[in-house]
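>>> coords below, sequence missing:
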């Protein structure tokens with residue numbers, strides 16, 4: 001499939017909960033390019049980050065983790081730059097060991 005139209009967008013913005021939350025789902029007929037992930041810990045204590053790129057009908061966990069049990073220090077910001085590709089119906093799922101993390105993910109959606 002040739003993808004002709006690429007649109008840069010903010011893919012997700014969310015606050016952490018202690019259960020996995022789907023914060024982005026790749027639309028049908030689309031591939032998504034993840035380019036930047038920024039996580040901010042707004043609390044006075046370290047909070048553990050979990051972020052998974054989950055296949056369609058899959059479950060978040062260690063087999064699809066982008067970040068698994070990554071400690072984000074108190075009142076700090078963590079930034080990742082790189083490339084990850086998502087296929088249609090895959091999801092990004094996010095949680096923290098506590099509330100207090102905010103996540104912003106940028107990239108692009110490509111459609112044919």
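Yes, it's here. Computed from a prediction, not measured in an experiment: that's the story for all the values here.

>>> mean confidence score for stretch 50-69?
Stretch 50-69 shows a mean pLDDT of 96.

>>> what residues of it count as buried?
Buried residues in stretch 50-69, counted by 16 or more other CB atoms under 10 Å: 50-54, 60, 64-67. C-beta coordinates here come from the backbone N, C-alpha and C atoms, glycine included.

>>> quick one: which of these sit in strands?
Counted as lying in strands by DSSP state E, out of those, are 50-54, 65-67.

>>> beta-bridge partners for the residue nearest the centre of the chain, please?
Residue closest to the mean C-alpha point of the chain, counted by CA atoms, centre = their mean, is residue 92 at 4.7 Å. In this entry, residue 92 is beta-bridged to residue 24, residue 53, by DSSP bridges.

>>> wait, it touches residue 84, no?
No. Using CB atoms under 8 Å, residue 92 is not in contact with residue 84, being 9.2 Å away.

>>> tally of neighbours for the residue nearest to residue 35 when sequence neighbours are not counted?
Closest residue to residue 35 apart from its sequence neighbours, by CB to CB, 6 or more residues apart in numbering: residue 107 at 4.6 Å. Residues lying near residue 107 (other CB atoms under 10 Å) number 23.
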